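>>> Quick one, fold the following:
(chains A and B)
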Amino acid sequence: MQPSNDLHHAAGGGPARTAGHTAGRGRALAEAPADPGYDDPWYDALASNWGEAAAPGGPAAAVPSTRPDREPPAPRGTADVYLEVQRSTAFQEVRARYRRFVVPAVTGFFLWYVAYVVAATAAPGLMARPVAGAVNVAMVAGLGQFLTTFLLTWAYARHARLRRDRAALDLRWDTQELTRGLQSGAS
Amino acid sequence: MNADHERLALLLCSSFIAVTLAITTWAGRKRRGSAEEFYTGGRLFTPMENGFAISGDYMSAASFLGISGLIALNGYDGMLYSVGFLVAWLVVLMLVAELVRNCGRFTLADVVAARMRERPVRIATGASSVTVSVLYLVAQMVGAGSLVALLLGGTGEAARTWTVIGVGALMVVYVSLGGMRATTWIQIVKAVLLLGGTLTLTALVLVRFHGDLDRLLRTAAERSGHGEAFLAPGLAYGGDWTSRVDFMSLGLALVLGTAGLPHILSRFYTVPTARAARRSAVWSIGLIGTFYLMTIVLGFGAAALVGPDAVRASNAAGNTAVPLLALDLGGGADSTGGTVLFAVVAAVAFATILAVVAGVTLASSASVAHDLYAGLRRPSGRRRGEVTVARIAAVGIGGVAIGLGLLARDLNVAFLVGLAFAVAASANLPVLLYTLFWRGFTTRGAVWAVYGGLVPAVVLVLLSPVVSGSPQSLFPGADFHLFPLQNPGLISIPLGFAAGWIGTVTSAEPPDEARHAEVEVRSLTGAGAV
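Numbering: from 1, shown residues only, chains lettered A, B, ... in the order given. Below you'll find the predicted structure:
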């Protein structure tokens, strides 16, 4: 319940969120009774999970895994945690922020690159037009590719740092706490 | 190129080998023998260190000598390569670096296996990764042989044979004794040397033209004999439509292939977090971009100061443009400055080859031990054995690369690097992107995506003019070419994506929602990342 509430708050965890992790948790705990989020699926699923995990000697007794490539498939408990985190508003906000930047950016630079290569091979006449001095359209376009690459790199790194990193980190700790909670509860 | 050049160049190369062996010994002493240590160096490199190491892995001798040479001979058309090689990094930065760091442990297959049935996808992605690495490796080995012959004066067959064997033996020693820690530090040293050398030469070119880039371009255009056409695209790839479409195909493979190169992907596992992976990608974009900008100046500088005719007379492919430029910038063939600069360039090129082959060998030994061996053998109790298998794999891959390098010694293997990028873009990228972003992707789709890109890419090249049917072919005597293009990317990359889609929509099993959720949550948040 505690991490659940924290997750709920992480939804607003953007650049403006300056309160520390523990501070946020304290606030979450204090507000918990009045929190209207009890009826959301996120909370329900968690509650049932905690109960299951606490049952001694139950089927969830195996150690859940976060390394699916090595150990046997994780028991339902861990899978449910990931499904619920995926459905949480906090996660969907992080994913939306990532996609809202990356989809247009990738489409943009890919089309710009394809246009450049097609123009250079199919329309060399157009590319040979002089612009200033020895510099022609092709030279401007080529250096423009370098420039846009540098600019997009900067913009992406900035966007990720300011808009995603903190929220993603909160989600990471909360998710790990949930899976660890299952483990310790079961053993 | 007289005895002085050779002696000094040999001395510098030997000291680089001594330094790298010292690094290997140092790294080997600290190792604890775990797979984590061997494949990732303990994941404790800083973003800056990893950024330098990535650029060290990526900037091959083909870029340093090849692209500058292409520009010196063909003017603008050489620049098209450097643009493709750089823009490709945006794909890596935005779609791959962080997510792969969060989801995987050692290889590309880890990411796919996180969602799919492990055995088939490990075998498939392992096979395609090893194919990419071996293609890349053979190109580098053959290049090393001819480069050393060119720069150190050993024109005899014996010198080239021993160079290939020596480079192969050194890379096996680095990888099997030093693992990722030694390989990374060798990459860093090499990246610093390469960037330092390029920066010095670029500064000297700019000083020669008093910082007037316009005059540099004009002089290059006049000296080339092509006039203004030298500064516009079309000299190399502007012939008939086949060659134009061929270049578009190559351009597509360059921009999409980088994100599927196993030795690039494995570098992102050497840093502690996804954030560090992103910052190392940003570092490497800065370094690689600066480097390619400088190679453009060097290429036009070689055209202006040495002249395309002199370059072509020395080496038809233009690979000696930068060494000749260094000789000229230092004050001519008989001056001390010229001797020193020439030797430095030769040593830097040699260091470049050694570092690149070490990185590729490490990545392919990881694919063999962690994916192919693990997929084909019983998975019981191989925790300790895996590193041993990886070391043996490094020796085996070294042997294969030496063997193929010697067999292909006299063949024109320039197409191999392009082919490695095309296979990476057709077989590795579709499965990686589908795994990370497509909810409905299934195991059958993953396997089909890999083979559906790998097989067409290889078959199309076998049926292309690079293998048969033209005087420059691998087998000039035979003619079984059915496919007109030299680069398969334009066909094989869409086929890889299409095969993954068809495999998915026709598969009987439904996609595993829970494991998709796990991959998505882990990739974007880093939960449970090692």
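>>> For residue A:159, give me its contacts.
A:97, A:101 (Cβ atoms under 8 Å, 6 or more residues apart in numbering or on different chains). (Each C-beta comes from the backbone N, C-alpha and C, glycine too.)
>>> Please identify the buried residues of the host helix or strand of it?
Assigned by DSSP states H and E, residue A:159 belongs to helix A:137-159. By neighbour count with 16 or more other Cβ atoms under 10 Å in any protein chain shown, helix A:137-159 contains the buried residues A:137-139, A:141-142, A:145-146, A:148-150, A:152-153, A:156-157, A:159.
>>> Next: stretch B:161-168.
B:163-168.
>>> Report the rounded mean pLDDT for that stretch.
Mean pLDDT, stretch B:161-168: 87.
>>> Residues contacting that stretch, please?
The contact list for stretch B:161-168 (Cβ under 8 Å, 6+ apart) reads B:141-142, B:144-145, B:148-149, B:154, B:353-354, B:357, B:398-399, B:401-402, B:405-406, B:409.
>>> one more time with 6 Å
B:141, B:144-145, B:148, B:398, B:401-402, B:405-406 (Cβ atoms under 6 Å, 6 or more residues apart in numbering or on different chains).
>>> low pLDDT regions in chain A?
Low-confidence segments of chain A, defined by pLDDT under 70: A:1-76, A:183-187.
>>> Quick one: the strands in it, in order.
With strands called from DSSP state E, chain A shows them at A:130-132, A:135-136.
>>> Ok, which of those comes nearest residue B:64?
Checking these against residue B:64 by Cβ to Cβ gives strand A:135-136 as the closest, at 25.2 Å.
>>> so what strands line up beside the closest one?
Partner strands for strand A:135-136, per DSSP bridges, with pairing direction: strand A:130-132 (antiparallel).
>>> how many other residues sit next to residue B:313?
Counted with other Cβ atoms under 10 Å in any protein chain shown, residues neighbouring residue B:313 total 11.
>>> how about it, phi and psi?
phi -70, psi -30 (degrees, to the nearest 10).
>>> That one and residue A:104: what is the separation?
With distances taken as Cβ to Cβ, to the nearest Å, residue B:313 is found 50 Å from residue A:104.
>>> what would the buried residues of stretch B:161-168 look like in a markdown table with secondary structure and distance to residue B:226?
Listed next are the buried residues of stretch B:161-168 as a markdown table, based on DSSP: H, G, I helix; E, B strand; the rest coil; distance: Cβ to Cβ, whole Å:
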| residue | secondary structure | distance to residue B:226 |
| --- | --- | --- |
| B:163 | helix | 35 |
| B:164 | helix | 36 |
| B:165 | helix | 41 |
| B:166 | helix | 40 |
| B:167 | helix | 37 |
| B:168 | helix | 40 |
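>>> what does chain A have sitting close to chain B?
A:66, A:68-69, A:79, A:82-83, A:85-86, A:94-95, A:102, A:106, A:109, A:113, A:117, A:120-121, A:124, A:127-128, A:133-134, A:136, A:138, A:142, A:145-146, A:149, A:152-153, A:156-157, A:168, A:171-172, A:175-176 (Cβ under 6 Å from any Cβ of the partner chain).
>>> Out of these, name the ones that lie in helices.
A:79, A:82-83, A:85-86, A:94-95, A:102, A:106, A:109, A:113, A:117, A:120-121, A:124, A:127, A:138, A:142, A:145-146, A:149, A:152-153, A:156-157, A:168, A:171-172, A:175-176 (DSSP state H).
>>> all helices of the stretch 201-350 of chain B, in order?
Taking DSSP state H, counting those that start in this stretch as the criterion, the stretch 201-350 of chain B carries its helices at B:213-224, B:241-257, B:262-265, B:274-305, B:308-314, B:321-329, B:336-366.
>>> List the contacts of the first one.
Going back to what we said before, that points to helix B:213-224. A:133-134, B:209, B:227, B:230-231, B:300, B:303-304, B:307-308.
>>> For PyMOL, what selects the buried ones among those residues?
With 16+ other Cβ under 10 Å as the criterion, this PyMOL line picks the buried residues out of these:
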select buried, (chain A and resi 134) or (chain B and resi 209+230+231+300+303+304+307+308)
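>>> so which of the contacts of helix B:213-224 comes closest to residue B:317?
residue B:308 (12.4 Å).
>>> Give the buried residues for the longest helix seen in chain B.
Using DSSP H, we find that the single longest helix of chain B is helix B:118-152. Neighbour-count burial for helix B:118-152 flags B:118, B:120-152 (criterion: 16+ other Cβ under 10 Å).
>>> what about residue 83, how many neighbours?
Just going to use chain A. Neighbours of residue A:83 under the rule other Cβ under 10 Å: 20.
>>> ah, I was thinking of chain B
25.
>>> Residue B:398 now?
26.
>>> Show me which residues of the stretch 151-300 of chain B sit near chain A.
Counting by Cβ under 6 Å from any Cβ, the stretch 151-300 of chain B comes close to chain A at B:214, B:217-218, B:231-234, B:237-238, B:244, B:247-248, B:251, B:255, B:282, B:285, B:289.
>>> Could you measure from residue B:518 over to chain A?
Distance, residue B:518 to chain A, by Cβ to the nearest Cβ, to the nearest Å: 4 Å.
>>> Can you name the two of the contacts of stretch B:161-168 that sit furthest apart?
For the contacts of stretch B:161-168, and using Cβ to Cβ, no pair is farther apart than B:148 and B:398, which are 17.6 Å apart.
>>> which residues of the stretch 51-200 of chain B fall in helices?
B:61, B:68-74, B:77-91, B:98-103, B:108-113, B:118-152, B:157-173, B:179-208.
>>> Including distance to residue B:23, could the ones you listed go into CSV?
Shown next, in CSV, are those (distance: least, Cβ to Cβ, whole Å):
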stretch, distance to residue B:23
helix B:61, 20
helix B:68-74, 28
helix B:77-91, 26
helix B:98-103, 25
helix B:108-113, 27
helix B:118-152, 20
helix B:157-173, 11
helix B:179-208, 5
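>>> Which stretch among those approaches residue B:525 most closely?
Each of the helices of the stretch 51-200 of chain B has some distance to residue B:525 by Cβ to Cβ; the shortest is helix B:98-103, at 7.4 Å.
>>> remind me which residues of the stretch 151-300 of chain B are low pLDDT?
B:152-155.
>>> follow-up on the earlier one: can you flag the buried ones in the residues of the stretch 151-300 of chain B next to chain A?
B:217-218, B:231-234, B:237-238, B:244, B:247-248, B:251, B:255, B:282, B:285, B:289.
>>> Please name the nearest non-neighbouring residue to residue B:234.
Spatial nearest neighbour of residue B:234, chain neighbours left out: residue A:124 (3.6 Å); criterion: Cβ to Cβ, 6 or more residues apart in numbering or on different chains.
>>> of all the residues in the stretch 401-530 of chain B, which ones are close to chain A?
Counting by Cβ under 6 Å from any Cβ, the stretch 401-530 of chain B sits next to chain A at B:514, B:517-518, B:520-521, B:524-528.
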